[in-house]
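>>> quick one: sequence and predicted model below, then my questions.
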Amino acid sequence: MSQTNATLHLSNRVDADVTIRLATGEDAVSLARLAALDSRPQLAGACLVAEVGGVLWAARSLDTGDVVADPFRPTLDHVALLHERARHLLQGREVRRTPGLGALIAAFRPGRHGVHSS
């Protein structure tokens, strides 16, 4: 499964393929429509979207965790998929940050780069 797209089939409740992907600038109007339909503020920052048949049914902010969803469609499973995908992506961010922190700590160990313990 790539980091940006995942296509899943929800067999029990919705008979359609769902694509979970990162939102792009082309999704701005659809995201605003979803927020208006859901009577919620527009999402902030990077977002994941759940798309069915080329139409956005739900979205989740990766920065805040806020969700908007079309109240006229069965989106409960879609929102659950968005939360799960966000969890995986955010865990990946933490893993990628760790080597940078390790390198910083190693750089300041005693005896390196002129730093000596007493």
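Perfect, thanks for sending it.
>>> low-confidence regions, this protein specifically.
For the chain, applying pLDDT under 70 flags the ranges 1-15, 92-118.
>>> which residue ranges of it form helices?
Using DSSP state H, the helices of the chain run over 28-37, 76-107.
>>> OK, contacts around Thr75?
Contacts for Thr75 (C-beta atoms under 8 Å, 6 or more residues apart in numbering) come out as Ala50, Trp57, Ala58, Ala69. Where you see a C-beta, it was placed from the backbone N, CA and C, and this is true even at glycine.
>>> of those residues - the most surrounded one?
Counting neighbours by other C-beta atoms under 10 Å, Ala50 leads the contacts of Thr75 with 28 neighbours.
>>> what sits against it?
Ala50 is in contact with Val18, Thr19, Ile20, Leu56, Trp57, Ala58, Ala59, Thr75, His78, Val79, Leu81, Leu82, counting by C-beta under 8 Å, 6+ apart.
>>> residue contacts, the closest residue to Thr75 other than its chain neighbours?
Spatial nearest neighbour of Thr75, chain neighbours left out: Ala69 (4.1 Å); criterion: C-beta to C-beta, 6 or more residues apart in numbering. Neighbour list for Ala69: Leu34, Asp38, Trp57, Ala58, Ala59, Thr75, His78, Val79 [criterion: C-beta under 8 Å, 6+ apart].
>>> surely the first one meets Val55?
Which is Leu34. No: look at Leu34 against Val55 with C-beta atoms under 8 Å: they stay out of range, at 9.9 Å.
>>> more neighbours, those two?
A count of neighbours by other C-beta under 10 Å puts Leu34 above the other of Leu34 and Val55, at 27 against 13.
>>> any idea how far the more buried one lies from Val67?
10 Å (C-beta to C-beta, to the nearest Å).
>>> okay, and the common contacts of the two?
Counting by C-beta under 8 Å, 6+ apart, the common neighbours of Leu34 and Val67 are Ala58, Ala59.
>>> once you drop chain neighbours, what's closest to Leu43?
Leu43 sits nearest to Ser61 (C-beta to C-beta, 6+ apart), 4.2 Å away.
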